[in-house]
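>>> A predicted structure for the sequence below; I have some questions about it.
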There are 2 protein chains.
Amino acid sequence: MTLAIPPLPPMATKKPATAQAATISDVAKRAGVSIKTVSRVMNNEPGVHADTRANVLQAMADLRYRPSQSARSLAGARSFLIGLLYFDPSAAFIASVQQGATQKCRQAGYHLVVESMDDDAHDLREQVHRMVATLRPDGMILTPPLCDNPQVLKALREAGTPTVLVSPARQRKDMPSVRMDDVHAAQEITNLLISLGHRRIAFVRGPDDQAASALRHEGFVEAMEAHGLPVEDELVFAGNFRFDSGVAAAHKLLALSTRPTAVFASNDDMALGVMAAAQRLGLVVPDELNVAGFDDSPAARLIWPELTTVRQPTFEMARAAVEMLIAGDWSGELPLPASMHRVLPHDVVVRDSTSALATRPRKPAHP
Amino acid sequence: MTLAIPPLPPMATKKPATAQAATISDVAKRAGVSIKTVSRVMNNEPGVHADTRANVLQAMADLRYRPSQSARSLAGARSFLIGLLYFDPSAAFIASVQQGATQKCRQAGYHLVVESMDDDAHDLREQVHRMVATLRPDGMILTPPLCDNPQVLKALREAGTPTVLVSPARQRKDMPSVRMDDVHAAQEITNLLISLGHRRIAFVRGPDDQAASALRHEGFVEAMEAHGLPVEDELVFAGNFRFDSGVAAAHKLLALSTRPTAVFASNDDMALGVMAAAQRLGLVVPDELNVAGFDDSPAARLIWPELTTVRQPTFEMARAAVEMLIAGDWSGELPLPASMHRVLPHDVVVRDSTSALATRPRKPAHP
DNA sequence: CTGAAAGCGCTTACAG
DNA sequence: CTGAAAGCGCTTACAG
């Protein structure tokens, strides 16, 4: 049987703006098959003769057919919608996650619906239920802090909605996740400073209620100890991930009788605070003080010197999350296969705020 | 007739995770009415007896009924989906727009679908058509630069999808818009500097291909002229909205025989560049040089001194856009009523990078 | 003020 | 390899 080439469509000379969109029946009629066959072709189901398939594809192209998502969703099991749930993240973080997620969604014919919910809302579980019930997304992506909120996780589990956690505080046995290795990244930054000759290295911690705080601190401590360097209490400052606490850290650390030669602030906002305060006190960065951060925020490149930091694979984590959701490798059985927990590689971005320690020791504050 | 109070629902002691969600028929049965009446109640249609309505509402609550969006969308005219289309905006801008849009959507029972598309894609029109055809959103929100892209606007017009432009380069006769008054905001910043005693005020322009560049420049010029101050060519630098061009501007401006005492950079990134360069050259901001920006980016508060700037009503613009879309005041007739073009108020945020000019004139670079 | 019927555009579950 | 029938959960257009 030869491939039947359908005649060109009888196009109106100017098509009205309100032209009715082609439906599956229109395609079926034009291709001379049943709607079931059209359905098979558009869902890439096997068991359709090559010629038939070609015919149908041609008809779909001729009529500029686009399946109605509502109809597919109502009749079938899939909605082609992925939900992204977040609360009060940094703009850079959410923009990057979204970029990765929409890109992957588009490739797979899915769409991304974003919902922000207050982590503290008393009716959070109800809100999630409502959202899932009306939207029926094929999957949900959760970001911190919602990915660690028991209410949210419970609601999603009850609804049976496949969910992937991005950067959760800790891996859960029952939920797939994508994250980076904060401990290792912090080790690498610390190792960098040590390799540059620094020995008195200060660390500015994040707030206790964020998982990353402990992980990054752990990485710092491990790297120091691996090199036989002491972690002195006076060189660890309890910050809160905000600019002001970096400023406070600098004031305290730089007033020590023996100053550190490098400060590793565990996020960029604090690192910027450290740098601003140090410069105001007349210190030249990096000559008299090295500063390193974590996050590679946009502001890291909007200062002089530009900040040495860690780039999180935010974009890639979001892509991976959507992939896992769409692939649907996980049928829900427990324990979760190891492949359902992915750790993505980060980058250490070395810029000008770090440099080799001068061989001749600098004059201490109080000689 | 007294209000019939329905008996408590026969709840299973533990409800299975896969419990079938209640449908309109379940509600109808329980309330003892037809599904049409349930439909009327959930759509707030008039002409339902108060008792009947109460009954139905009770049944909906008892069964935790949530209407299926797919079914409503397939059967009716509305999809309860609003689309947000963007391309490569600043993270802060898109995060803020989204926050405003999702909040308003939630209140009205809508959901926000985000799509990013490449402004340069050759098949952009086709992409938009496909998106609209499969998703059938009740409305679209466009942000720069897509809100000025003829391909996109054409596709949306053809599809008959109601659209609101956020911050378009110029108002169009056929598309509703929401924006702020860039000219006026730039005037206000300039007036502020003049009122502080500055006379030699430099201006750093944005790139020619962005609408805001000309508008902000216009505001600067108008304010200067209104005060009888000259706008000298040597004090206007052609930047590109990026940090580096702010640095370049500072190097040129501060090398002038008679330096400006204030620099108004028409966005924050450039203002940060000006400030960084000035400080590196040993100038104290604001004592020896005032710097003002535009945008109130997150970084504006992550420097010392904090930057005087303009806060755009991004969040509010997005809220207003969704409002206009949902209200559906505009039936498509032309010319567009004036109410379909909204201008929202901005804030001038005065911080520490601007201050009164010292009464005693400063020593010029070359006396 | 209320309801019975048809239909939106697909997929599912069968049958052949 | 292909198709006829039923049905997803709503709204529309009528009828009373």
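Everything's here; your move.
>>> looking only at pLDDT, what's the mean for stretch A:274-289?
Stretch A:274-289 shows a mean pLDDT of 92.
>>> which residues in the stretch 101-250 of chain A form helices?
Taking DSSP state H, counting those that start in this stretch to define them, one finds helices in the stretch 101-250 of chain A at A:124-135, A:150-159, A:182-195, A:211-226, A:243-253.
>>> I'd like the distance between the residue in the stretch 251-367 of chain A positioned nearest to DNA strand C and A:N44.
Nearest to DNA strand C, among the residues of the stretch 251-367 of chain A, is A:G328, at 12.7 Å (Cβ to the nearest atom of the strand). Bear in mind the C-beta positions are built from the backbone N, C-alpha and C, glycine included. Distance of A:G328 to A:N44, given as Cβ to Cβ, to the nearest Å: 15 Å.
>>> These two: which has the busier surroundings?
The neighbour count for A:G328 versus A:N44, taken as other Cβ atoms under 10 Å in any protein chain shown, is higher for A:G328 (12 against 8).
>>> Correct me if wrong: the more buried one contacts A:P162.
Yes. The pair A:G328 / A:P162 is scored as a contact, 7.0 Å apart, by Cβ atoms under 8 Å.
>>> re earlier: list the contacts of the residue of the stretch 251-367 of chain A closest to DNA strand C.
A:P162 (Cβ atoms under 8 Å, 6 or more residues apart in numbering or on different chains).
>>> Excluding residues flanking it in the chain, which one is nearest the residue nearest the centre of chain A?
Centroid-nearest residue in chain A: A:T314, 3.4 Å away (criterion: Cα atoms, centre = their mean). Excluding the flanking residues, the one nearest A:T314 by Cβ to Cβ, 6 or more residues apart in numbering or on different chains is A:S96, at 4.0 Å.
>>> Can you get me a residue count around the one you found?
20.
>>> hang on, it in a helix?
Yes. Per DSSP: H, G, I helix; E, B strand; the rest coil, A:S96 lies within a helix segment.
>>> quick one: it and B:R311, what's the gap?
23 Å.
>>> what sits against the closest residue to A:P313 other than its chain neighbours?
Nearest residue to A:P313 in three dimensions, chain neighbours excluded: A:L344, at 4.3 Å (Cβ to Cβ, 6+ apart). By Cβ under 8 Å, 6+ apart, the residues touching A:L344 are A:V178, A:R179, A:M180, A:P313, A:E316, A:M317, A:A320.
>>> Per-residue pLDDT of the second one, please?
pLDDT recorded at A:R179 is 96.
>>> ok, the closest residue to it other than its chain neighbours - contacts?
Among residues not flanking A:R179 along the chain, A:S167 sits closest, at 4.9 Å (Cβ to Cβ, 6+ apart). For A:S167, the contacting residues are A:T143, A:P144, A:C147, A:V178, A:R179, A:M180, A:A212, A:M317, by Cβ under 8 Å, 6+ apart.
>>> swap in A:A71?
B:S70, B:L74.
>>> In a helix, it, correct?
Yes. Counting by three-state DSSP, A:A71 is part of a helix.
>>> any idea how far it lies from A:R64?
Distance from A:A71 to A:R64, by Cβ to Cβ: 17 Å.
>>> Ok, A:V48 next?
From A:V48 to A:R64 the distance is 21 Å (Cβ to Cβ).
>>> and these two? which has more neighbours close in?
Between A:V48 and A:R64, counting by other Cβ under 10 Å, A:V48 is the more crowded of the two (17 against 14).
>>> Now the more buried one. Nearest residue, chain neighbours left out?
Nearest non-adjacent residue to A:V48 (Cβ to Cβ, 6+ apart): A:R40, at 5.1 Å.
>>> Below-threshold pLDDT in the stretch 201-350 of chain A: ranges please.
A:330-332 (pLDDT under 70).
>>> Give me every residue in it lying close to chain B.
Within the stretch 201-350 of chain A, the residues that sit near chain B (Cβ under 8 Å from any Cβ of the partner chain) are A:243, A:269, A:272-273, A:276-277, A:279-280, A:298-299, A:301-304.
>>> Any chance of those in JSON lines with secondary structure and neighbour count as columns?
Below are those laid out as JSON lines (DSSP: H, G, I helix; E, B strand; the rest coil; neighbours: other Cβ atoms under 10 Å in any protein chain shown):
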{"residue": "A:F243", "secondary structure": "helix", "neighbour count": "27"}
{"residue": "A:D269", "secondary structure": "helix", "neighbour count": "27"}
{"residue": "A:L272", "secondary structure": "helix", "neighbour count": "27"}
{"residue": "A:G273", "secondary structure": "helix", "neighbour count": "27"}
{"residue": "A:A276", "secondary structure": "helix", "neighbour count": "21"}
{"residue": "A:A277", "secondary structure": "helix", "neighbour count": "22"}
{"residue": "A:Q279", "secondary structure": "helix", "neighbour count": "21"}
{"residue": "A:R280", "secondary structure": "helix", "neighbour count": "14"}
{"residue": "A:P298", "secondary structure": "helix", "neighbour count": "21"}
{"residue": "A:A299", "secondary structure": "helix", "neighbour count": "26"}
{"residue": "A:R301", "secondary structure": "helix", "neighbour count": "17"}
{"residue": "A:L302", "secondary structure": "coil", "neighbour count": "23"}
{"residue": "A:I303", "secondary structure": "coil", "neighbour count": "27"}
{"residue": "A:W304", "secondary structure": "coil", "neighbour count": "20"}
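>>> Farthest-apart pair in the residues you listed, please.
A:R280 and A:P298 (22.3 Å; Cβ to Cβ).
>>> ok so, going back, list phi and psi for the residue nearest to the centre of chain A.
phi -60, psi -50 (degrees, to the nearest 10).
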